[in-house]
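K.L.:
predicted coordinates and the sequence they were generated for:
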Amino acid sequence: MSQSFSTVYQHSIQNPVAFWGEAAEKLHWYKKWNTVLDTSNPPFYRWFAGGMTNTCYNALDRHVDEGRGNDLAVIFDSPVTGTKQRYTFREFRDIVALFAGALQSRGVRKGDRVIIYMPMIPEAVVAMLACARIGAIHSVVFGGFASHELAIRIDDCKPKVIISASCGIEHSKVIDYKRLLDFAIELAHFKPEICIIKQRDQLKAELNEERDLTWNQSLLGAEPAQCVPVESSDPLYILYTSGTTGQPKGIVRDHGGHMVALQWSMKNVYNVEPGEVFWAASDVGWVVGHSYIVYAPLLQGCTTLIFEGKPVGTPDPGTFWRIISEHNVAVLFTAPTAFRAIKKEDPNGNYIKNYDLSRFRTLFLAGERADPDTVKWAERNLNVPVIDHWWQTETGWAIAANCQGIEPGPVKYGSSSRAVPGYNVQVVNSDLEELPAGQMGDIVIKQPLPPGTMLTLWKADNRFVETYMKQFPGYYQTSDAGYIDEDGYIYIMSRTDDVINVAGHRLSTGAIEGALCEHPDVAESAVVGVHDDLKGQVPLGFLVLKNNVDTPHNQIIKHVIEYVRENIGPVASFKSAIIVDRLPKTRSGKILRGTMRKIANSEEYTMPATIDDPVILDEIREGLQTIGYAIKSKSITKDA
């Protein structure tokens, strides 16, 4: 490694045009850009303005044309169906080209929108790349999402075609996607012209003869489509993320900047070379799936892994290790939630001993704060570097990371490490004054943001400015709170609205959760702030215990209260906790702290569309009532 991290980072901040211009030269352009960075209309910056490219060509055709067509591109492993498939770059390119031709034959053109509502099967990735190939804009909606939420997205992006499957599989349960899709179309004001349905053996869907085609029917008579050159700043996809108003925000990602940033990140952040196997254990319905299941690995010429299953229960806590061993995975990227689930089921890591992990090099965690106890458990049992890194749906790739391909720094537990090159990250107060090292405040990023980050919100430029750019002029508001230490390491402690103000002291829920998880019987925890007449707010803890714990619950609660007093201090005023079987989470594994906080404070709340199991919220309410909370809050919206 010829350059220090500091040298690379400073170059990216002081001369972003030269830095990203050099990175872009490694990819294929039909027409080179007129300017690397167009700053004429802030905050609507454009990268590689005037350039013409195609993301699908760079992800598939480029490798075939460079003589790597027989190299392995995609592995599909589905323990829930017992299916395994492998595709070379040439094979996958040909499948994508044919399906892209099928879309063209049904009238899909550059700029048209296509919704993809599918389980984790190869056809979901084929559909995404096929849209990119012909310049259509895909919008992937997490498979099995509530019909009401899918309808909102249909009305917002107005898709010409919806691509779905007859069903998805959650553990052993078969989810009828087609029923959910039909009801969503019934609810939506806008109606798609065509629905293409991948029939699965586990459940055959009934088709609407006037609107629906099977996947195989759509291919009849289709000719493979060539890649359509698009402007660098043309939209590649729309990905909806939750909005505080309840109305989803359609994040818009471009072709050019997106592919340059992701390809650069594969080597520099993850240190993965072409031909190695990279596994992002996520779902294409989330941003991690877009960036690191589909686009980044293929842009780098890596083998990507599509996994249909769960970290536990499909069939056991050894699933991850079996896949790493069997498919020679070099780098795994997943959420801390997955490892907490594994740790809960297999606290001593016994399943790990059954597999050869000698090819496995690095574990990356993201999506939520990685508590030090989970990181240490993974380090101890896997004997590889465990890297927590921080990014958002809006940014599309890492804001902060311990960059393994430049100059790895020491791991600091609780920190997502230093700002990644391209990101000028600062911690400020409400007056936009930069705070000294170690002092907690709002985390912001100086504009312009690096390539790969969102362009705007779909058909909502004003909302884009109001949501992200208005509070701190010249900066992107992350809505995360934390601090930066004297070594430049970033500590993401909570969302801005999850900072607890106890008698004027700003305390992090993340720091308190870290203390709770130090208890040997605690597998997972969440902390929310509840109203207190004297102190304004006080913290309330929710604990999930490890399996086969014999210690009396009241004794555990007494101990964790002492842990917080010792580790955070009496200023935290931590005096209440309850033990629950599960924490309410989204399907992507994020804990629904905001909803828990509203229930504890007896505020009305909206049933989150992304919740994994709504019944858990009733258990939370009952648990709070047992310790004296007079819960009057109720859900004001409940969707199936």
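P.N.:
The structure has been received and is ready for your questions.

K.L.:
CA atoms only for stretch 130-138, dumped as CSV, please.
P.N.:
Provided in CSV are the C-alpha atoms of stretch 130-138 (Å, rounded to 0.1, in the frame of the first residue of the first chain):
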residue,chain,number,x,y,z
ALA,A,130,-32.2,-5.6,-17.2
CYS,A,131,-33.7,-2.2,-16.3
ALA,A,132,-30.3,-0.6,-16.1
ARG,A,133,-29.4,-2.2,-19.5
ILE,A,134,-32.2,-0.4,-21.3
GLY,A,135,-32.2,2.8,-19.3
ALA,A,136,-35.4,2.1,-17.4
ILE,A,137,-35.6,3.2,-13.7
HIS,A,138,-36.1,0.4,-11.3
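
K.L.:
how about the helices of the stretch 501-640 of the chain, start to end?
P.N.:
Remark: helices assigned in the stretch 501-640 of the chain by DSSP state H, counting those that start in this stretch are 509-516, 553-567, 593-600, 615-626.

K.L.:
can I get those helices in CSV including mean pLDDT?
P.N.:
Putting these into CSV (pLDDT from 0 to 100) gives the following:
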stretch, mean pLDDT
helix 509-516, 86
helix 553-567, 90
helix 593-600, 88
helix 615-626, 86
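
K.L.:
quick one: which of those is nearest residue 166?
P.N.:
Closest to residue 166 of the helices of the stretch 501-640 of the chain, according to C-beta to C-beta: helix 615-626, at 26.0 Å. Quick note: C-beta positions are derived from backbone N, CA and C, even for glycine.

K.L.:
what are the buried residues along that closest one?
P.N.:
616-617, 620-621, 623-624 (16 or more other C-beta atoms under 10 Å).

K.L.:
name the nearest of those relative to residue 456.
P.N.:
residue 617 (33.7 Å).

K.L.:
do I have it right that that closest one meets residue 600?
P.N.:
No. With contact defined as C-beta atoms under 8 Å, residue 617 does not reach residue 600; the gap is 11.3 Å.

K.L.:
got a list of contacts for stretch 517-526?
P.N.:
Residues from elsewhere that reach stretch 517-526 (C-beta atoms under 8 Å, 6 or more residues apart in numbering): 340, 343-344, 371-374, 509, 513, 516, 541-546, 549, 551, 556, 559-560, 563, 567, 583, 591, 593, 596.

K.L.:
what comes up buried for stretch 455-462?
P.N.:
The neighbour-count check on stretch 455-462 (16+ other C-beta under 10 Å) flags 455-458, 460 as buried.

K.L.:
measure that stretch end to end?
P.N.:
Distance across stretch 455-462, first residue to last, is 13 Å (C-alpha to C-alpha, to the nearest Å).

K.L.:
do stretch 11-29 as well
P.N.:
For stretch 11-29, the end-to-end distance is 24 Å (C-alpha to C-alpha).

K.L.:
circling back to that earlier point, so which of the buried residues of stretch 455-462 belong to strands?
P.N.:
456-457 (DSSP state E).

K.L.:
tell me the two of the buried residues of stretch 455-462 that are most distant?
P.N.:
That would be 455 and 460, which, of the buried residues of stretch 455-462, are the farthest apart (C-beta to C-beta) at 11.6 Å.

K.L.:
for the lengthiest helix in the chain, packing partners?
P.N.:
The longest helix of the chain (DSSP state H) is helix 89-105. Judged by 3 or more C-beta pairs under 8 Å, 6 or more residues apart in numbering; DSSP states H and E, the packing partners of helix 89-105 are strand 72-78, helix 122-134, helix 215-219.

K.L.:
which stretch among the ones you listed is buried most, on average?
P.N.:
helix 122-134 (a mean of 26; mean count of other C-beta atoms under 10 Å).

K.L.:
if you count contacts, what does that helix end up packed against?
P.N.:
Looks like helix 122-134 contacts helix 55-56, strand 72-78, helix 89-105, strand 113-117, strand 137-140, strand 161-165, strand 235-241, strand 303-307 (3+ C-beta pairs under 8 Å, 6+ apart).

K.L.:
out of these, nearest to residue 218?
P.N.:
Closest of the helices and strands packed on helix 122-134 to residue 218 is helix 89-105, at 4.5 Å (criterion: C-beta to C-beta).
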